[in-house]
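**Student:** the amino acid sequence is not available; the structure is as follows:
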C-alpha cells in the first residue's frame, strides 16, 4: 500500500473534522441578552449561555475605550478582579468539562476596555 493511500484519507478526515468544528462554533454564537446573562450565574458550570454570547459581546458591545463603569452596568459585578483586569465565569463549556472558562476584560490606564479574551482555568 502506497503512502498516498494513507495520507489522503487522513487529510480528508482532518478537513471534515475542522469543518464540523467550525460549524459548531458558528452554531453556538448567540446575541447578547442581559436578562439571559443575568439569569445564567457564573457558578452554574453546566450552563454555557454566557459563553455563547461572548462573540457578540466582543464584536459589538465591549469595544475599546468602553468604561469599567459601563461594563459593570452591562454585565453586573465581576466574579474576579485583579488590578486593571476583571473576569466573568462562563461555565465549563470547552474541553472535557473539568476546566472552567473565564472572560477576562483588561482596562487601559484610563479605565477603558483594551482587551477581551476567554481563557480556560
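**Tutor:** Cool, the structure landed. Given the structure is predicted, the values throughout are model-derived calculations rather than measurements. Numbers count the residues shown, from 1 in each chain.
**Student:** contacts, neighbours, all on C-alpha from now
**Tutor:** Noted.
**Student:** okay, now the unreliable bits of the chain?
**Tutor:** Counting by pLDDT under 70, the low-confidence segments of the chain come to 1-28, 41-46, 95-97.
**Student:** domains in the protein, by residue range?
**Tutor:** Recorded structural domains for the chain (assignment: automatic domain parsing) are 1-29, 31-120.
**Student:** now the helices for the chain?
**Tutor:** 3-27, 34-39, 49-56, 68-75 (DSSP state H).
**Student:** burial of residue 104, as a residue count?
**Tutor:** Around residue 104 sit 19 other residues, with neighbours defined as other Cα atoms under 10 Å.
**Student:** quickly list what the nearest residue to it once chain neighbours are set aside is bridged to.
**Tutor:** Spatially, and ignoring its direct neighbours in sequence, residue 104 is nearest to residue 87 (4.5 Å; Cα to Cα, 6 or more residues apart in numbering). Per DSSP bridges, the residues bridged to residue 87 are residue 80, residue 104.
**Student:** can I assume residue 87 is in contact with residue 81?
**Tutor:** Yes: under the criterion of Cα atoms under 8 Å, residue 87 makes contact with residue 81 at 6.3 Å.
**Student:** what's near enough to touch the spatially closest residue to residue 51 that is not a sequence neighbour?
**Tutor:** The shortest distance from residue 51 to any residue that is not its chain neighbour, by Cα to Cα, 6+ apart, is 5.2 Å, and that residue is residue 90. Contact analysis of residue 90 by Cα atoms under 8 Å, 6 or more residues apart in numbering lists 42, 45, 47-51, 100-103.
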